[in-house]
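**Q** The sequence isn't on hand, but the structure is:
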């Protein structure tokens, strides 16, 4: 049984409006009761919010027993609860389903829409939207795109076949093609392969290239000119975080509207006027169940 399947099997709270419950393992005994512990552990969530969740039976232990403010905090417990976001800005762009069968959902993701709940995004995420729209409680992304990146992404909604599709990505058996708008690269002959060593950077959400054995690889080619910019075709052989954005910036042609590379710009908040000019154009693979060759293409255009 895979990790996600194991979590689904013991989940004592149901998926609600497309949102799965969150959980927290307790590492030690604590005095003072459950309410005091939760308020201390999640300082951004007020006491009134936790009292309300407890009153509705939405804070439970692993057996599904409702917890109250006086419940003991014991090492090894797993607490389940629904995460809530008070103010969530609607993302004014829609996803498009490209394919759906008994195993997969393939989606054309818009810019700005996060893949999964995190930080200030909960319901305005691709995963929650799809769960709510299709009633698929076991839906799980097989791979991921940055919030800023648009294009083709695959989900599994059948636990029995999920491992077979995940293995395609682990074994690098999926052909992924991206397109990006960026400045011209003077003096380059195309296509060429860029290899580098990527490690965690500063701030924590960025990556950086350093000297050492390469652990990332991207094929770079030119599709054609687009005014003062160039439309590039990028084929990543590896799948490092922010790999294409880091590689293009390192080559002196950062992707247009990139707020992270080559330097991190001030947060734009909910400004949707300048999407990152990066598109996951297509994915192709031999289906591990049917043996059929599959290819899915985004219908979006970078302009």
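**A** Arrived safely. The structure displayed is predicted, hence computed values, not measured ones.
**Q** Any stretches of the stretch 51-200 of the chain with poor pLDDT?
**A** 86 (pLDDT under 70).
**Q** Quick one: the helices in it, in order.
**A** For the stretch 51-200 of the chain, the helices defined by DSSP state H, counting those that start in this stretch occupy 126-134, 159-170.
**Q** Tell me which other helices or strands the first one touches.
**A** For helix 126-134, the helices and strands in contact under the criterion 3 or more CB pairs under 8 Å, 6 or more residues apart in numbering; DSSP states H and E are strand 104-109, strand 140-141, strand 150-156. (C-beta placed from N, C-alpha, C; glycine too.)
**Q** So which bits of that helix are buried?
**A** Counting neighbours by 16 or more other CB atoms under 10 Å, one finds that the buried residues in helix 126-134 are 126, 127, 128, 129, 130, 131.
**Q** repeat for the longest one
**A** For helix 159-170, burial by neighbour count (16+ other CB under 10 Å) applies to 162, 165, 166, 168, 169.
**Q** Out of these, which comes closest to residue 187?
**A** Nearest to residue 187 out of the buried residues of helix 159-170 is residue 169 (CB to CB; 34.5 Å).
**Q** The closest one contacts residue 239, doesn't it?
**A** Yes: Residue 169 is within contact range of residue 239, at 7.2 Å (criterion: CB atoms under 8 Å).
**Q** Give the residues shared as contacts by those two.
**A** Residues touching both residue 169 and residue 239 by CB atoms under 8 Å, 6 or more residues apart in numbering: residue 143.
**Q** strand partners of the biggest strand by length in the chain, parallel vs antiparallel please.
**A** Assignment by DSSP state E gives strand 216-226 as the longest strand of the chain. Take DSSP bridges as the rule and strand 216-226 pairs in its sheet with strand 192-200 (antiparallel), strand 229-236 (antiparallel).
**Q** neighbouring contacts of the first one?
**A** With contact meaning CB under 8 Å, 6+ apart, strand 192-200 is reached by 206-220, 240-241, 243, 246-247, 250-251.
**Q** In PyMOL, select just the buried ones from those.
**A** Restricted to buried positions by 16+ other CB under 10 Å, the PyMOL selection for the contacts of strand 192-200 reads:
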select buried, resi 206+207+208+209+216+217+218+220+240+243+246+247+250+251
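**Q** Inside helices: which ones of the contacts of strand 192-200?
**A** Of those, the ones assigned to helices by DSSP state H are 243, 246, 247, 250.
**Q** Of these, which is the nearest to residue 230?
**A** Distances from residue 230 to the ones in helices among the contacts of strand 192-200, taken by CB to CB, are shortest for residue 247, at 14.8 Å.
**Q** wait, the closest one sits on residue 216?
**A** Yes: Residue 247 is in contact with residue 216 according to CB under 8 Å; the separation is 7.1 Å.
**Q** related to what we said a few turns ago, highest average neighbour count across the helices and strands packed on helix 126-134?
**A** Scoring those by mean neighbour count under mean count of other CB atoms under 10 Å gives strand 150-156 as the most buried, with a mean of 25.
**Q** what packs against it?
**A** strand 104-109, helix 126-134, strand 140-141, helix 159-170, strand 278-286, strand 293-297.
**Q** do that again at 6 Å, thanks
**A** Contact partners of strand 150-156 among helices and strands, from 3 or more CB pairs under 6 Å, 6 or more residues apart in numbering; DSSP states H and E: strand 104-109, strand 278-286.
**Q** in its sheet, what does that strand sit against?
**A** strand 104-109 (antiparallel), strand 140-141 (antiparallel), strand 278-286 (parallel).
**Q** Compute the inter-axis angle for it and strand 293-297.
**A** 140 degrees (axes from the mean of the first three to the mean of the last three CA atoms, to 10 degrees).
**Q** List the contacts of strand 150-156.
**A** Strand 150-156 has contacts (CB atoms under 6 Å, 6 or more residues apart in numbering) with 104-107, 109-111, 139-142, 145, 162, 165, 279-280, 283, 296, 298, 300.
**Q** repeat that with 7 Å
**A** 98, 103-111, 130, 139-143, 145, 162, 165, 279-283, 296-298, 300 (CB atoms under 7 Å, 6 or more residues apart in numbering).
**Q** Give me the buried stretch members for stretch 281-289, please.
**A** 281, 282, 283, 285, 288.
**Q** Same question for stretch 173-183.
**A** Across stretch 173-183, burial judged by 16+ other CB under 10 Å covers 174, 176, 177, 178, 179, 180, 181, 182.
**Q** Pull the number of nearby residues for the residue lying closest to residue 62 once chain neighbours are set aside.
**A** Leaving aside its sequence neighbours, residue 62 sits nearest to residue 78 (CB to CB, 6 or more residues apart in numbering; 4.6 Å). Neighbourhood size, residue 78 [other CB atoms under 10 Å]: 14.
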